[in-house]
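**Student:** here's a sequence, model it:
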Amino acid sequence: MTFPYDSFNVEDLHTVDEGVITHLFPLLKDKSNPFDFLIGHFLGVDHVGHRVGPDHPSMKSKLEQMNRVLQEVVDLLDDDTLLVVLGDHGMDRSGDHGGDGVLETSTAMWVYSKGPPLTRASNPVPSGLLQYRTFPGTTVEHRGVQQIDILPTLSLLLGLPIPFNNLGTIIPEFFWRDNQGKSLEKALQLNVDQVYRYLQAYRSSPSGGELDEAWRSIQEAWGAPSLATSTEMKLITLNNFNKMALSACRAMWAQFDPVLMAMGLVLLGMGLCASWALFVGISNAKSAWGAWLKIHLTSSLYAGAGGAVAGIVESLASLILPSIHTGQNIVDYTMFGAVLASSVSMIIASPPLTSLPSLSSIPIVLILHSIAFLSNSFTFWEDRIVPFLAVSSLVPYAVKGFTAPTSRLRYRIVGFSLLYAACVRLVSLSTICREEQQPYCHVTFYASSSQTSPPYNAVLLALPTALALSLIIRRFLNISRSDRGVAKTHYPLIFTPAVVSGALFWILEWADTTSALGPEWDSTTLRFARTWIARFGFTWVLLMGGALWYIVPLCIDITVKHQGGQKQVEVIGYANAFGSPYLVFWTILLAVVYSTSQLPGQLVLSVCTVALLAYLEVVDSVRDVETMEMAFKRAKPSDILNSTRSDPNATDAGKPKNYDHEAAFKFGDVVPVALLGLHAFYGTGHQSTISSIQWKAAFMLSSTVVYPWSALTVVINSIGPIFLFALAAPLLALWNRAPEAVVAGQNDTSKDEREQEQELELDTRVKGDSILAGLGMMIYYTALLLGASVSAAILRRHLMVWKVFAPRFMAGVLGLLVVDLGVLIGQVVGVERVTKRVKDVFGKMSSPRPSVDKAR
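**Tutor:** As a prediction, this is how the structure comes out:
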């Protein structure tokens, strides 16, 4: 009989335990219907750890309850029943588990019987059969067994055969019944015979060749007990055989496939080179980037198809000629051939590095960040090094500010650079510690290292920050007077209620966890209130905000005036017509990620948003400086004074701009935003470890686990920061860009031809640069993945491979997938919608002599 309960609702500390108690004691008390095997799985201690941490008063109450249950169980036991109390895992100092730390993978075990003593011999068990370990923070050794040792032990105690595929060793204390050790010898012999039968069966299977290297040592260990001259020596040799078998199997099953690893690294490297070639090709094509992209993507697709065919042929050939077979299947060959051929085609079409000076276009920050994964120290201290890299990547822009030709640009570049650096420093104050960082790390994201509730300061700042965030964003928009149109409705009426509801949810969660409101506030009431607050926030911003943005995305006000017999059209927000509506789109998803983040994470996301906006102003100002420098080199300095923006009556006023006369987009422009995404990831309480996953986010929209919503909120909480700043990449191309007419170059075409060309070129610049921005973001994270992959491959035999290098590799894979998704959504949904609406509104206003006399 079974009595299942919902085991994933970590907010419910008592239902499962009460259910176990309800069914456990009647079975213990009913002597007329005795049981053979009874399991009661209590989950309250585990849930308390996840919910509030091991040092919370709730843990003491739960442990006291478990102690009372255990006392009653012991009282009801008869002499023929064996009681085994154990846990399936431990917990770290914050109450979580899932990693490979000693506290997470260790748990207590207590075995009790009212009948005859389990160990009856007067002599101690031979020390060669026992293992001890010292736990962190203690000085006393504790007897230790492996979890797999429990299975053969209980099997023999119950008079059952040991399961065929067991590799555990019996716990000797339970069979130490006489001073000669005969009972233990018999039990160990049964154990060894079972393990040897399993190894023989495995060796005769199709995979048996994996044991060839270790088989001689296994055979020698198998024969050693027959040569033993004493009982103690025989016990030790029997025990050593099991250790040898387990060690051989672990080594065998932890094998790496060097060929597949090499194929994967080749594809990653070639893919990175092809992406860089694509970036260079689009940049060099300038205004003709659309035609260039269409031609070369088509060629790459054809090359990929040819590579896939070649891979299939190679796979079939390996079947015919076994001598060239490397163990890979047809899918491996096909995928390898397709991706390799496609990448080579793009590299040939647009060589990524055509000269030694072209090497300077690759930021040194990216190179250092990628190769540093060969160091385990850098890998687990990456959260402290990313801020340094982020600020360092801004240095060239700050230097440009000191040489800017106007005081306004100098103040803007230097001032906003300092604001970006200050925000990066503030985010660095939020930390969560990996096990490897101890004792040099202090947790600030939580109230302490053993609690999962937020610091009190974060609770106090949560609501003011949520209310201020909208005002700060609008203040940045006001610089270009693009806080009009949909922005006047979105930020105060859509965005602010959404982020405030997210803050309120986590404040109520904190109040419920810490009982801050007192016992008169029922937990059920708080749970109901915060669930519906979260549901409102998500629904409001996604449905209302999304619909409003899609229908009227532009942040402009247009007024028509008649003065002196002339019609004047005044456009407020014109100078940022592309960037401001995309920012509205970005803040919709910011509100979603913001709501799933815990209170300190919300503060971090707010500061990172300010850093992003500050950097966008830096990029815009530097672009203006470079454009002015190009104008100085191209013509007389006085030509700059006759620009369209400064003098509508000048002879050149209203003429389309030349595509080549504006500063080109550079890969370095992406780096500070890419690093800001990583910095936000670490600052919101995450690490490249499973144990840092914040499972509380699963219970935002419901009080129990409900798929897919619970999984979705955990995923958003975990990878949302990286996704957000990948989604922000197009802002680098759109920010403070006006929908001005652009021509491909100087030419003598007729007026009609020029007008047709202008309309086609209206959004060419921003679309091309937004593709470059997204591609640059992908390149950065691909380079990080390549660095993590190479380090994991080279150091695969390193002691820390599964603790440091492999988790960072997995985080790199996940990060790249998230960045790809963010860039695609930003380009396909955000950029396309914004540029379409801008063209609809300004398409006819972009003629050589536009009807727009005032455009801000």
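**Student:** does residue 561 count as helix, strand or coil?
**Tutor:** Put simply, residue 561 is strand when judged by DSSP: H, G, I helix; E, B strand; the rest coil.
**Student:** so for it, what's the pLDDT?
**Tutor:** You'll see residue 561 listed with a pLDDT of 78.
**Student:** who touches it in this structure?
**Tutor:** Listed by C-beta atoms under 8 Å, 6 or more residues apart in numbering, the contact partners of residue 561 are 567-570. All C-beta atoms are positioned from the backbone trio N, CA, C, and that covers glycine.
**Student:** out of the residues you listed, list just those in strands.
**Tutor:** 567-570 (DSSP state E).
**Student:** from the chain's centroid, how far away is the helix or strand hosting residue 72?
**Tutor:** Secondary-structure assignment from DSSP states H and E places residue 72 in helix 57-76. Helix 57-76 sits 39 Å away from the centroid of its parent chain (C-alpha atoms, centre = their mean, to the nearest Å).
**Student:** continuing past it, what's the next helix or strand?
**Tutor:** With secondary structure assigned by DSSP H and E, helix 57-76 is succeeded by strand 82-86.
**Student:** tell me which strands that next one pairs with, and in which orientation.
**Tutor:** Take DSSP bridges as the rule and strand 82-86 pairs in its sheet with strand 109-113 (antiparallel).
**Student:** can you give me the buried ones in the helix holding residue 72?
**Tutor:** 58-59, 62, 65, 69, 73 (16 or more other C-beta atoms under 10 Å).
**Student:** tabulate those (CSV), appending pLDDT and distance to residue 175.
**Tutor:** Listed next are the buried residues of helix 57-76 as CSV, based on pLDDT from 0 to 100; distance: C-beta to C-beta, whole Å:
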residue, pLDDT, distance to residue 175
58, 85, 40
59, 89, 36
62, 90, 35
65, 92, 34
69, 93, 29
73, 92, 25
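**Student:** residue 826 against residue 732, yeah?
**Tutor:** No. Assessed by C-beta atoms under 8 Å, residue 826 is found out of contact with residue 732, at 10.9 Å.
**Student:** between the two, what contacts are shared?
**Tutor:** Shared contacts of residue 826 and residue 732 (C-beta under 8 Å, 6+ apart): residue 770.
**Student:** sorry, back to before: let's see the PyMOL selection covering just the buried ones among the ones in strands among the contacts of residue 561.
**Tutor:** What follows is the PyMOL syntax for the buried subset of the ones in strands among the contacts of residue 561, where burial is set by 16+ other C-beta under 10 Å:
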select buried, resi 569
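**Student:** give me the below-cutoff pLDDT ranges for this structure.
**Tutor:** 121, 319, 321-327, 354-362, 564-565, 634-661, 741-762, 799, 844-856 (pLDDT under 70).
**Student:** which helix is the longest one in it?
**Tutor:** Among the elements of the chain assigned as helix by DSSP state H, the one spanning the most residues is helix 599-634.
**Student:** chain center to that one: distance?
**Tutor:** A distance of 25 Å separates the centroid of the chain from that of helix 599-634, by C-alpha atoms, centre = their mean.
**Student:** mind listing what's buried in that helix?
**Tutor:** Taking 16+ other C-beta under 10 Å as the basis for neighbour counts, the residues of helix 599-634 that come out buried are 599-628, 631.
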